[in-house]
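Asks: Fold the following and give me the result.
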Amino acid sequence: MSTQEGPQTTLKPGGDPSGAPDGAQPRKQMSKAERRELQEKQRAAKAAAAGNPGASSKPQKLQQTQAQKPPKKDAATQPGASSAPSTSGAGKRIAAKGGKDGDHVENDKTGDVGAQRRHQTQIFAHFAVPKKDGAIGVGIKGEIHPAIVRLGRQFADMKIVGANARCIAMLVAFKTVIQDYITPPNLTLARDLAQYLSPQISYLVSARPMAVSMGNAIRELKYHISVVSIDLPEQDAKDHLCEQIDTYISHRIILADTVIEEYAMPKIQNGAVIMTYARSSVVERVLIAAWSRGKRFSVKVVDSAPLFEGKHLLTALLKAGIPCAYLLVNGIGSVIPGVSMVFLGAHALNSNGSVYSRAGTALVAMLARQHSVPVLVLAETYKYSNNLQLDSFTKNELAPSLEAKAPVTMGLNQLDDRSQSSLQAINPLYDLTPYHHITVLVTEVGLIPPSAISTLAGLRDKDKGFQMDV
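Replies: Numbers count the residues shown, from 1 in each chain. Predicted coordinates for the structure are as follows:
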């Protein structure tokens, strides 16, 4: 019976099983990772000796070539394996996803701090940022009226804030634009004026994003422009449009606030403690009207950075003689148990019952709901939007930086230069309050539960002007 034997290696005394000849130095077998590491060391040493800075990029090119190959099990990932040392003058390597070929970009730890900061805040890149004068209206074709240019700068500098104030200022500026408008030959006012207003609107939007109230007012104005009779003299047509603007401001904003006063005032009882946040023109009007009619109560004004709008409300209430207490938003928890009700304003009313308002409103409403304090949102119906918004992250706007608004209060001026260079203040202007944190919406058409906010769409459909598109 024969047996098959494989190749055998004969070991001599002191011999090498690798088959090295006698007298030769035995070589230790190296893995691919170790050989690559050795090659990188040798190239780095040659570059340092020759004083050629360009040669130090050869290991990087080798790493780029290997990055394009299918991934293999590296010895560095095995237990007990040593990590590859960095090349001379090189910091931490990061993969730049912006390149098509996945090129590796070598960044030093003490490199461009600004680029690293921009990379870290890309999550907020879609937020609208405050514009400087030179960046307003860039790329807009068409003639811009001086009144619109002045208003756009006021919007960008946050000199005019609030949905009502911005809408009224825009409509007043449009009155000036319409009066100065001259219909070109062979054209009609009904067709050309709407096109002439388009760059004016674009300029205002480039300064700050358009508010829902402004969009609804523009729809109403464009509707009235479209139905102007071609037989009407030009000056009479312009006077008619200006009259329609005055009617809109009077009915949809001023008279609407008066009706909201009548609905909200019975909710205020003598001895009540009312909390409000930031500044709302309709809330301010209701509180002053209730005090002037003999009701006695106190107000807690909650405020926050960076705009500190509550200070303006506090000044107006103290001037009317109303006892007030001023606190920042981080102190709500200590005073909310003694509050009778909460009055809040709104930037927009969404179709699902949520309220889009100044950042911090959602926090106030949530804590009030947790302590069983009624939350009343006072808003005009012209702020209603058919949009369905689930959070305040998909659409928002950034306020001016804290350094420019309140350096002493926030203490940012105490930081050294290096800390300030790596610090970026993120201040969203708005947040979204879910409908289940709101007790009732007080509007000029009555008290509406948030779940029934969609009935406002039916009321708007009765008016032909509100169902026209921009």
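Asks: burial measure for Leu313, as a count.
Replies: Neighbours of Leu313 under the rule other CB atoms under 10 Å: 24. To be clear about C-beta, it is placed using only N, CA and C from the backbone, and glycine gets the same treatment.
Asks: My error: substitute Thr315 in the last question.
Replies: 13.
Asks: low-scoring stretches of the stretch 51-200 of the chain, by residue?
Replies: Along the stretch 51-200 of the chain, the parts satisfying pLDDT under 70 run over 51-121, 133-134.
Asks: how about the strands of it, start to end?
Replies: Using DSSP state E, counting those that start in this stretch, the strands of the stretch 51-200 of the chain run over 93-95, 104-106.
Asks: Report the contact partners of Thr455.
Replies: Thr455 makes contact with Ile448, according to CB atoms under 8 Å, 6 or more residues apart in numbering.
Asks: For it, give its distance to Glu284.
Replies: 27 Å (CB to CB, to the nearest Å).
Asks: again, but for Pro199
Replies: 35 Å.
Asks: Name the residue in these two with the higher neighbour count.
Replies: Under the criterion of other CB under 10 Å, the comparison of Pro199 against Glu284 puts Glu284 first, with 20 against 17.
Asks: Which neighbouring elements make contact with the helix or strand encompassing the more buried one?
Replies: Using DSSP states H and E, Glu284 sits in helix 281-292. Contacts defined by 3 or more CB pairs under 8 Å, 6 or more residues apart in numbering; DSSP states H and E place helix 281-292 against helix 163-180, helix 255-264, strand 273-277, helix 310-319, strand 341-344, strand 375-378.
Asks: what's next to that helix, contact-wise?
Replies: Under the criterion CB under 8 Å, 6+ apart, residues 162, 164-165, 257, 260-261, 264-265, 268, 274, 276, 297, 299, 313, 316-317, 320-322, 343-345, 378-380 lie in contact with helix 281-292.
Asks: Now a ChimeraX select for only the buried ones of these.
Replies: Buried residues among these (16 or more other CB atoms under 10 Å), as a ChimeraX selection:
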select :162,164,257,260,261,264,268,274,276,297,299,313,316,317,322,343,344,345,378,379,380
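Asks: for the helices and strands packed on helix 281-292, which one sits closest to Ser206?
Replies: Taking CB to CB, helix 163-180 is the member of the helices and strands packed on helix 281-292 nearest to Ser206, at 13.8 Å.
Asks: quick one: buried residues of the closest one?
Replies: With burial defined by 16+ other CB under 10 Å, the residues of helix 163-180 counted as buried are 163-164, 166-171, 173-175, 177-178.
Asks: what's the offset of that helix from the middle of its chain?
Replies: Centre-to-centre, helix 163-180 and its host chain are 26 Å apart (CA atoms, centre = their mean, to the nearest Å).
Asks: If you count contacts, what does it end up packed against?
Replies: By 3+ CB pairs under 8 Å, 6+ apart, helix 163-180 packs against helix 146-156, helix 189-207, helix 212-226, helix 234-249, helix 281-292.
Asks: Look up how far Gln39 lies from Lys32.
Replies: Lys32 is 11 Å from Gln39, by CB to CB.
Asks: Quick one: closest of the helices and strands packed on helix 281-292 to Ile426.
Replies: Using CB to CB, these put strand 273-277 closest to Ile426, at 20.0 Å.
Asks: Okay, now the sheet partners of that closest one, with direction.
Replies: Sheet pairing for strand 273-277, assigned by DSSP bridges, gives strand 298-303 (parallel), strand 341-344 (parallel).
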